[in-house]
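Novice: Quick one, what's the 3D model for this:
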Amino acid sequence: MSTVRERITDIVKKHVKVTEYQLVDTANLGTDLGVDSLTLFEVILDMEKEFSCEIPEKDSNNIVSIGAAISYIESKIQNGSAK
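Specialist: A predicted model of the protein is given here:
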């Protein structure tokens, strides 16, 4: 089974052309990876599908980096609201 990191980076790679070395925890989705607001919305939707969870808008505003996305999903998995 893939790790949360692998699953999230696969989602990001589906939407933007980036290299593996760019996909570090500190990579800002907007400034470092070129994710615009529409693409971010698509990434969030794909994360919801991939992890079978809901990501409220107030929470999605805090997903600004790869590391933030990983931490958020891992916390949802720990509390049983994501797979």
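
Novice: Go through the helix or strand of the chain with the lowest mean pLDDT and flag the buried ones.
Specialist: Lowest mean confidence among the helices and strands of the chain (mean pLDDT, DSSP states H and E): helix 57-60, at a mean of 94. For helix 57-60, the neighbour count (16 or more other CB atoms under 10 Å) marks S60 as buried. Every residue, glycine included, has its C-beta placed from N, CA and C.

Novice: Quick one: residues in contact with it.
Specialist: Here helix 57-60 makes contact (CB atoms under 8 Å, 6 or more residues apart in numbering) with 40, 44, 72.

Novice: Using PDB, write out every CA atom in that helix.
Specialist: Output in PDB follows, covering the C-alpha atoms of helix 57-60 (Å, rounded to 0.1, in the frame of the first residue of the first chain):
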ATOM      1  CA  GLU A  57     -13.100  25.100   2.700                       C
ATOM      2  CA  LYS A  58     -11.800  26.500   6.000                       C
ATOM      3  CA  ASP A  59      -9.300  23.500   6.200                       C
ATOM      4  CA  SER A  60      -8.400  23.600   2.500                       C
END
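
Novice: hang on, the earlier thing: show me which of the contacts of helix 57-60 is closest to H15.
Specialist: L40 (8.7 Å; CB to CB).

Novice: Endpoints of stretch 15-23, how far apart?
Specialist: Criterion CA to CA, to the nearest Å; first-to-last residue distance in stretch 15-23 is 13 Å.

Novice: Can you tell me what sits against it?
Specialist: Residues contacting stretch 15-23 (CB under 8 Å, 6+ apart): 9, 12-13, 32-35, 39, 42-43, 46, 66.

Novice: Which of these are buried, as a PyMOL select command?
Specialist: Buried members of these, defined by 16+ other CB under 10 Å, are picked up in PyMOL with:
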select buried, resi 9+12+33+35+39+43+46+66
